[in-house]
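1. Quick check, what structure comes out for this input:
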Amino acid sequence: MKTSIKTLFASALTAIILTSSAFTTIAKDKSPASKNAAVKFNKVVVTGNANVILIQGNTEGVNSYDEVQASSNSIQQKGYTLYINSTDKSTIYVHVKDLQRIDAAETATIKTRGSFDLAVLQIFLKDGAKANVNATIGSLYTEMSGKSDLKLSGSSTEHHLVRNDVSQLNQTDFVIAKL
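-> Numbering: from 1, shown residues only. Modelled structure (predicted):
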């Protein structure tokens, strides 16, 4: 009799634990997959189909609200450079403190959220990469090749530009003190 009561109690306890863990898995809200930077970075290199949104703040880190597939996304940091590669159109949010360089290739898209305040910024766009940058910059250097597309808004003290005839540059909302 004691054995059957113990077995019944153990079975009931196991059933309760399994159902509670199943309900917490089902009810889990879609939270951002995040990665805080161990070392500060000031250069972002984006390739593939990634859609990167840059946000200036006091902390540095990376997060995404999309289902991040390990097989289709790669986010690595080497030194002061953050490398992002994606084969799908994942949106990845990158929080930066002092951004100095943006490098994008293939069909990558980079946008800034809010207005950035930077001493220097280098923007390199290749292939069909697109960037939309809103910033107040001391010194700006841009290099564009392929069918890249750059939209600038804000202002800069000086701007050095290297580009081909195919790339597109929109700076109607951008003020340059000295070319």
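2. Can you show me the helices along this protein?
-> 2-26 (DSSP state H).
3. pull the helix or strand with minimum mean pLDDT from the protein.
-> Least confident helix or strand, the chain: strand 33-36 with a mean of 51, by mean pLDDT, DSSP states H and E.
4. The residue nearest to residue 148 when sequence neighbours are not counted pairs with what?
-> Among residues not flanking residue 148 along the chain, residue 125 sits closest, at 3.5 Å (CB to CB, 6 or more residues apart in numbering). All C-beta atoms are positioned from the backbone trio N, CA, C, and that covers glycine. Listed beta-bridge partners, residue 125: residue 104, residue 144 (assigned using DSSP bridges).
5. any idea how far residue 125 is from residue 147?
-> Note on residue 125: its distance to residue 147, by CB to CB, to the nearest Å, is 10 Å.
6. How about residue 65?
-> In terms of CB to CB, residue 65 sits 29 Å off from residue 147.
7. Show me the strands in this structure, by range?
-> 33-36, 43-48, 51-56, 61-64, 73-78, 81-86, 91-96, 101-104, 109-113, 116-125, 130-144, 149-163, 168-178 (DSSP state E).
8. quick one, which of those strands is nearest to residue 5?
-> strand 33-36 (45.8 Å; CB to CB).
9. mind showing which ranges of this structure have poor pLDDT?
-> 1-4, 6, 8-39, 66-71, 179 (pLDDT under 70).
10. and if we set it to 50?
-> 24-32, 34, 37 (pLDDT under 50).
11. joint contacts of residue 125 and residue 147?
-> residue 167 (CB atoms under 8 Å, 6 or more residues apart in numbering).
12. More neighbours: the two, which one.
-> residue 125 (27 against 16; other CB atoms under 10 Å).
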